[in-house]
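S.K.: below is the structure, and that's it, no one-letter string:
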């Protein structure tokens, strides 16, 4: 049996389970009316997908969980804008992207504090194996992502990690498609510069 290449764990995509869109539209209408049980049902159905995106964007599970909570707290006021032109998961990720600015800053601050707290450098294991190399690559990528602007970071996460098209991302975050492509170009260029040097 041949081995197939795998994405690093931090970059693996989560496929949402199929949902009954009629039921979701009914639940959203109830959420707009203030029905907390309907909001709970939507949370149960979609929080894992939103959390997976938030972790990939922020690189910090605790801060990602805070973003997930904010997304669902914002849903009652945002739900009136949902027209069913995209999946509800896509709509929730768009809310995540638009709320992510402060959370990105928090995640970067936490990583900077952790780095300062490490008094002694950690030596790589004596037997460098694939798991360590993949973890180190993920760590380098996260450090590089921390140096991107929030707009470039969101464009990279949605286009490259979520594998969404630039027209879809443009609709999600409310900017022209050309802006998405420009942000993605600059994000990839900067990441190549940052990852091209020594770890």
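M.R.: Structure's in. What do you need? What you see is a predicted model; the values in this text were computed from it and never measured.

S.K.: quick check: buried residues in the host helix or strand of residue 93?
M.R.: Residue 93 is located in helix 88-117, with elements delineated by DSSP states H and E. Neighbour-count burial for helix 88-117, with 16 or more other C-beta atoms under 10 Å as criterion, is recorded at 88-97, 99-100, 103-104, 106-108, 111. Any C-beta I mention is one placed from the backbone N, CA and C, and that applies to glycine too.

S.K.: so for the very next helix or strand once past it, what's the average pLDDT?
M.R.: Going down the chain from helix 88-117, the next helix or strand is helix 130-146, by DSSP H and E. What helix 130-146 shows for mean pLDDT is 75.

S.K.: list the contacts of the helix or strand hosting residue 45.
M.R.: Per DSSP H and E, residue 45 falls inside helix 36-58. By C-beta atoms under 8 Å, 6 or more residues apart in numbering, the surrounding residues in contact with helix 36-58 are 10-11, 13-14, 16-17, 19, 24, 27-28, 30-31, 61, 63-65, 67-68, 71-72, 75-76, 88-89, 92-93, 96-97, 100, 103-104, 107, 153-154, 157, 161-162.

S.K.: mind giving me the packing neighbours of the lowest-mean-pLDDT helix or strand in the chain?
M.R.: Here the helix or strand of the chain ranked lowest by mean pLDDT, DSSP states H and E is helix 130-146, holding a mean of 75. Packing partners of helix 130-146 (3 or more C-beta pairs under 8 Å, 6 or more residues apart in numbering; DSSP states H and E): helix 88-117, helix 177-196.

S.K.: got the angle for that helix vs helix 177-196?
M.R.: Orientation check (axes from the mean of the first three to the mean of the last three C-alpha atoms, to 10 degrees): helix 130-146 against helix 177-196 gives 130 degrees.

S.K.: now do the buried residues in helix 130-146.
M.R.: Buried residues in helix 130-146, counting neighbours by 16+ other C-beta under 10 Å, are found at 141-146.

S.K.: same list, the residues you listed, but as a markdown table with distance to residue 80 please.
M.R.: Output for these, formatted as a markdown table (distance: C-beta to C-beta, whole Å):
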| residue | distance to residue 80 |
| --- | --- |
| 141 | 37 |
| 142 | 36 |
| 143 | 39 |
| 144 | 38 |
| 145 | 33 |
| 146 | 35 |
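
S.K.: pick the one among the residues you listed closest to residue 175.
M.R.: Proximity of these to residue 175 (C-beta to C-beta) peaks at residue 145, which lies at 19.7 Å.

S.K.: thought the closest one was touching residue 155?
M.R.: No - the criterion here is C-beta atoms under 8 Å, and residue 145 misses it with residue 155 at 11.6 Å.
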